[in-house]
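*Asks:* Here's a sequence, model it:
(chains A, B, C and D)
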Amino acid sequence: MTVLQIVALALVAVGAPAVVAARDPLRQAFVASFYGLLLGVLFFAFAAPDVALSSIVIGSVALPTIILLALAKIGDKDS
Amino acid sequence: MSFLPFAIAIWIFLVGLYGVVTSHHLVHLVICLSVVQSSTYLLLLGIGYRTNGAASIFVDIPPNTKAVDPVVKALTLTDVVVGAAVTALLLALAVQAQKRFGTLDPDELDPLRD
Amino acid sequence: MEKLAPLAVAGPFLIAALFAISMPLSRRRDDIVSIVTASAGVVFVGAMLIDVLSRDVPVVTWVGGWQPRAGVALGISMAFDPLSTSLALLAAVLVCAAFLFAWRYFETPGPIFHALMLVFGGAMAGFCLSGDLFNLFVFFELMSVTAYALTAYRSEESGPLQGALTFAVSNTVGAVFILFGIALLYARTGALNLAQIGVALAHGHADGLVVGAFAFLCIGFMVKAAVVPFHFWLADAYAVAPTPACVIFSGVMSDLGIYAIARVYWTMFDGPFHAHLETLRLVFLLFGGVTALWGAVLCLAQHHLKRLLAFVTISQIGMALIGVGLFSTEGIAAAALLIAADGLLRAGLFVAIGAVIHRTGSVNELRLYRLGRQVPRPLAAIFFAGALGLAGPPFLGAFSGKRVLEHAAIDVGHGWIIVVFVVAAILTAAAVLRAGGRVFLGWGEPAEDDPIPFGRPTGSEVERDDDEAEAETTGAPDTTPPVMIATAGALVAGGLAISLFPALVDKTLDAAARFTDRAAYAAVVLHGAKLPLPDTPNLGVDALAILFGLLSVGGAVGIALAVLSPRHRVRGLVPLRLRGPLRGTYWAVRRLHSGQAGDYVTWLSVGAATFGVLLAAATR
Amino acid sequence: MSPGEGPARRRDSEISLATRRRLFLVSGAVLAALMTWALAGMPAFGDYHGIYGLLLNRVAVPQEHATNVITAVNFDYRGFDTLGEEFILFAAVLGLALILRERRDEEEGPPDDDAVGRQVSGASVAVRLITVALVGPTVLLAGYIIAHGAITPGGGFQGGVIAATALLFVYLGGEYLALRRIRPLPLVEITKATGAAGFVLIGIAGLIWGVAFLDNWLPKGTPGDVFSAGTMQLLSVAVGFEITGGFVLILSEFLDQTIVLRRRRGVRSG
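*Replies:* Below you'll find the model as predicted:
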């Protein structure tokens, strides 16, 4: 277990409850984006560059954007 | 120490499921669902890792160096993309549900009686 | 021939993709093309079944030409034997029937609906024929995603959204459980091919990992099959999905979950669990029995016709799980016969109900009181034939399935389970008969408030009548298209015919013997070697079976008449002091189906924990 | 209270929220114990010794001339899985379009939401310049990642999503409405569908060529250069097309949602 792996694991273990604890979806989208980045770092530490690239591109860019756009549609009403 | 990644995979699974169960906003529920799915990525990759094994890409390293298991990474890679597609579909349902029910609390959606 | 097997999956996919290409360009005659594709699929899978039946060994083909190297599978295998191929044939037939039905049912379905249905058909074929564990999961996920989209198809009314949401959330969590099981098996055996994992597990004993893997796989498949307590999503989803989609959902999708449990057990876990078979049976019979009774009781109380059939589906899934849960060759044969007969009957009933909705625009039994008279006579006859077939009268419908199940239960020493599934069969058939009686014949009171003789619910809860006319079909056309009647008739006739031929039972027993023969499966998949075929005794029709057949039909008709008869005569049947608690528990169970994703996932987690603990206890 | 909601519907379920939480915590604890017991049976983290992966690591490069073994597994050894995965995305995007598009047709009526005073400032010239300038390199990077799928980390999946994010630059730069006027949506749908159909056709080409479905029958070139690994590169491109089309569709479905509303409120943006 290299140091990078342990640190990345610890960060992910903290990141997941952070995503869940952020009850307001807008804030949660940003925490989820950061969580996707953390996962990317962890996968990189597990010598899986493809999955890290995929997790960063989707987890911290594409998905949060979709969430924000969905919220933009919902947000106006459910203030 | 060698059980840590798997313990954290279980921890993420349960935290995500807790978020799904106690959620009061459909979008929050869907994001917690994607956290639950991310626990399987961690578990799969944790299985395939070999200590100081190189990534199984033999562009610049000789073909028989000690490398990590490629199969698990292929499975996880496609799961990440698929997970995003399913989450997008669920978000579309949430957007449509909000218009229909006027509320986004999964507990206030009209139960279908009789 | 077997090299073309992947076309059963890739063919519908290609046509669906071509639909999507043609979509933005211009309107195509896509319903004709999809019917042609679906029937081509039926012919193709039928040819594969004939080919498989002609050889006495499972047919194996490696996608991508990756032959195994020294027993290590490199690529993905498609291994299909008579049982799985006939299940794929059933799925293809139902997709074809659904297209025929949708052709006249929707005004402008549009290419998206056809593309999704074709992908759904291809995914089911892939699921039945796959010989690889992760491939099974991929097609499980593909079936789920297409089902979410199809359930939300007519999404402007309120129903579909809420049904599609709970459906999607529950099945996604179920898929995560399956991935956990796959990860565990891959860690232990380093393989993803069913046969190879089976060989690797054969010598080990059932330790924590093996029990955990089997538990998680079964939990995921039980969520898809809607076994109690994982079933809550099904009633909401099937009640609101468009009827052509319901024909496939109810007809075969849930049964695929039961098939998956049998396939997973008999190819991989038969070795380690062989020593604990006795206690394992108890766990599965418990879950199967509870599901059968739960579905049966609740379907008696439904007025929403599609929701009524949804609970009939749950009850019959319980019976199929009882068959699989006996873990014997006869059990598998019984489950196969039940899946075939009940699947076709349920699909036929759904088409009949679709025709009624198409004609009258309403789906609530009370609202439809006597309206069924406008529907042409043969449709009423088809509906009643289907309802009677569910009860399994001698030599019709589910009779041979039940006959083999009774024999298997006695063989294995669990004769008591016969009572459970006979009662379930009686109640389910009675509910459908009652609905038919009120809709088509106009018996019973029009606005009867409480469906079962337990009296009003304790709380002052006003029954929210939510059967707002299905907006699927605009306006109530004056005639019912003949293609709907023909489809419903063909499906019900097919379901009834399953029990007509005793030879079919013996063939199914032989097929079940090959299905449960792990050594032969592994030998032919990994090494291409042929092992001798196990011989199976034939099963004659005995008096007990005919007695049970008559009993269940008589009971069903009796209960249906009792419920439809004027109120005062029935109220005397239920003793006074029993009425309070019975009504209380009944309404509590009803309100469990709250339609809230949080509740459903909680029950899923409780069910998973219970099943896991029971399985762990069973193997210690 | 948003106008759409009547009196707050009381929660109509058998178990209260507190019971639900307690039920879940108990069953969650049991599940955790079960999972720990099951996962404890696995080999320790770091000493994977499975036959499958190690064999592929040795066999993939000489056999398929693909240096990225993961893409080799994805597009060749287990190509059938990827066919299924690809159609999962295909079906999800179709479902999404189905749900949201119906919604937008109704939206033509007067919008009933009343987000007052949310002025979205138009993008400044600098932002518009940079974002539009970035679109080209993003698509180029995506093309590189797709083309070199069989050589370096990457492949159709990741490249496709990167290409889809190029659309975000257009949106950020405020040019989305201009782009929308060109009506690229049908083209995007065709890209997605051709990608999906292309994958199947390449598989069927294997059958026509006389080898198995999804077999790698093209000449495999030398490992390490772009035209190595035979059909794998073609499959990667097909998947790249499909994922690009799919995610652009997802983003534009949601973008069109928000644009319709903003424009009606007289705010020029996006």
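*Asks:* Would you quantify the distance from the closest residue to C:L349 other than its chain neighbours to chain D?
*Replies:* Using CB to CB, 6 or more residues apart in numbering or on different chains and skipping the chain neighbours, the partner closest in space to C:L349 is C:G386 (4.7 Å). (Glycine included, C-beta is placed from N, CA and C.) Separation of C:G386 from chain D (CB to the nearest CB, to the nearest Å) stands at 31 Å.
*Asks:* what bits of the chain have low per-residue confidence?
*Replies:* Chain wasn't specified; assuming chain A. Applying pLDDT under 70 to chain A flags the ranges A:75-79.
*Asks:* think we crossed wires, I meant chain B
*Replies:* By pLDDT under 70, the low-scoring segments of chain B are B:109-114.
*Asks:* Looking at it, which helix is longest?
*Replies:* helix B:70-101 (DSSP state H).
*Asks:* Residues contacting stretch D:47-63, please?
*Replies:* By CB atoms under 8 Å, 6 or more residues apart in numbering or on different chains, the residues outside stretch D:47-63 that reach it are B:47-51, B:56, B:58, B:63-64, B:67-72, C:69, C:72-74, C:186-187, C:189-192, D:43, D:66-67, D:69, D:72-73, D:77, D:223.
*Asks:* That stretch: which residues count as buried?
*Replies:* Applying a neighbour-count criterion of 16 or more other CB atoms under 10 Å in any protein chain shown, the buried positions in stretch D:47-63 are D:48, D:50-57, D:59-61, D:63.
*Asks:* which of those lies closest to C:G361?
*Replies:* D:Y52 (56.1 Å; CB to CB).
*Asks:* Please confirm that the closest one is located within a helix.
*Replies:* Yes. Counting by DSSP: H, G, I helix; E, B strand; the rest coil, D:Y52 falls inside a helix.
*Asks:* Closest one to chain C out of the buried residues of stretch D:47-63, please.
*Replies:* Closest to chain C out of these is D:G50 (2.4 Å), distances taken as CB to the nearest CB.
*Asks:* From B:V68, how far out is that closest one?
*Replies:* 11 Å (CB to CB, to the nearest Å).
*Asks:* and for the two, which residues touch both?
*Replies:* Joint contacts of D:G50 and B:V68 (CB under 8 Å, 6+ apart) are B:G48.
*Asks:* Mind telling me which residue of the stretch 451-600 of chain C is nearest chain B?
*Replies:* Going by CB to the nearest CB, chain B is nearest to C:G595 of the stretch 451-600 of chain C, at 3.4 Å.
*Asks:* Quickly find the element holding that residue.
*Replies:* Using DSSP states H and E, C:G595 falls within no helix or strand.
*Asks:* quick one: is stretch D:27-45 near chain B?
*Replies:* Yes. Stretch D:27-45 is in contact with chain B by CB under 8 Å from any CB of the partner chain, via D:G28, D:L31, D:A32, D:M35, D:T36, D:L39, D:A40, D:M42, D:A44, D:F45.
*Asks:* now the strands for the stretch 151-270 of chain D?
*Replies:* In the stretch 151-270 of chain D, no strands are defined using DSSP state E, counting those that start in this stretch.
*Asks:* Up against chain B, what does it have?
*Replies:* For the stretch 151-270 of chain D, the contact set with chain B under CB under 8 Å from any CB comprises D:151-153, D:155, D:157, D:161, D:223-224, D:243, D:246, D:250, D:253-254, D:257.
*Asks:* Now flag whichever of the residues you listed is closest to C:F269.
*Replies:* Checking those against C:F269 by CB to CB gives D:F157 as the nearest, at 32.8 Å.
*Asks:* Please produce a markdown table containing the residues of the stretch 151-270 of chain D next to chain B, extended by neighbour count and pLDDT.
*Replies:* Putting these into a markdown table (neighbours: other CB atoms under 10 Å in any protein chain shown; pLDDT from 0 to 100) gives the following:
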| residue | neighbour count | pLDDT |
| --- | --- | --- |
| D:I151 | 22 | 82 |
| D:T152 | 18 | 82 |
| D:P153 | 22 | 84 |
| D:G155 | 33 | 84 |
| D:F157 | 32 | 89 |
| D:V161 | 28 | 90 |
| D:P223 | 20 | 75 |
| D:G224 | 18 | 74 |
| D:I243 | 33 | 91 |
| D:G246 | 31 | 90 |
| D:I250 | 29 | 88 |
| D:E253 | 23 | 82 |
| D:F254 | 25 | 81 |
| D:Q257 | 22 | 61 |
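*Asks:* In helices only, show me those residues.
*Replies:* Among those, DSSP H puts D:F157, D:V161, D:I243, D:G246, D:I250, D:E253, D:F254, D:Q257 in helices.
*Asks:* Return only those of the residues you listed found close to chain A.
*Replies:* D:F157, D:V161, D:I250, D:F254, D:Q257.
*Asks:* And the pLDDT for C:L544?
*Replies:* Note for C:L544: predicted pLDDT of 82.
*Asks:* near chain B at all, the longest helix anywhere in chain A?
*Replies:* Secondary structure of chain A per DSSP H: the longest helix is helix A:25-45. Yes. With CB under 8 Å from any CB as the measure, helix A:25-45 is seen reaching chain B through A:P25, A:Q28, A:A29, A:A32, A:Y35, A:L39, A:L42, A:F43.
*Asks:* Checking C:S77 next. Helix, strand or coil?
*Replies:* Judged by three-state DSSP, the three-state class of C:S77 is strand.
*Asks:* What backbone torsions are found at the closest residue to it other than its chain neighbours?
*Replies:* Counting by CB to CB, 6+ apart, C:S77 lies nearest to C:G131, which is 3.9 Å off, once chain neighbours are set aside. With angles defined as degrees, to the nearest 10, C:G131 sits at phi -120, psi 20.
*Asks:* Neighbours of C:G131, how many?
*Replies:* If you count neighbours by other CB atoms under 10 Å in any protein chain shown, C:G131 ends up with 26.
*Asks:* if I look at it, how far off is D:V73?
*Replies:* Distance check for C:G131 against D:V73: by CB to CB, it reads 18 Å.
*Asks:* circling back to that earlier point, please check the residues of stretch D:27-45 next to chain B and keep the buried ones.
*Replies:* For the residues of stretch D:27-45 next to chain B, a burial check counting by 16+ other CB under 10 Å picks out D:G28, D:L31, D:A32, D:M35, D:L39, D:M42, D:F45.
*Asks:* Over to the second one. Which of the three states is it?
*Replies:* The one in question is D:L31. With three-state DSSP as the criterion, D:L31 reads helix.
*Asks:* That one: what's it in contact with?
*Replies:* By CB under 8 Å, 6+ apart, D:L31 lies in contact with B:L14, C:S605, C:A608, C:A609, C:G612.
*Asks:* Go again with 6 Å.
*Replies:* Listed by CB atoms under 6 Å, 6 or more residues apart in numbering or on different chains, the contact set of D:L31 reads C:A608, C:A609.
*Asks:* Do a quick rundown of the helices in chain B.
*Replies:* Assigned by DSSP H, chain B shows helices spanning B:4-21, B:26-48, B:70-101.
*Asks:* Just give me the neighbour total for the closest residue to B:S23 other than its chain neighbours.
*Replies:* In this structure, B:S23 finds its nearest non-sequential neighbour in B:L29, 3.8 Å apart by CB to CB, 6+ apart. Using other CB under 10 Å, B:L29 has 25 neighbouring residues.
*Asks:* Could you do B:V81 as well?
*Replies:* 25.
*Asks:* I figured it hits D:F157, correct?
*Replies:* Yes. Applying CB atoms under 6 Å, one finds B:V81 in contact with D:F157, separated by 4.9 Å.
*Asks:* Give the residues shared as contacts by those two.
*Replies:* Common neighbours of B:V81 and D:F157 (CB under 6 Å, 6+ apart) do not exist.
*Asks:* Let me see the contact set for D:E86.
*Replies:* Shown here is D:E86, whose contacts under the criterion CB under 6 Å, 6+ apart are D:A196, D:F199, D:V239, D:E242.
*Asks:* Could you single out the nearest of the residues you listed to chain A?
*Replies:* The nearest member of the contacts of D:E86 to chain A, counting by CB to the nearest CB, is D:V239 at 12.2 Å.
*Asks:* Fine by me, we can end here.
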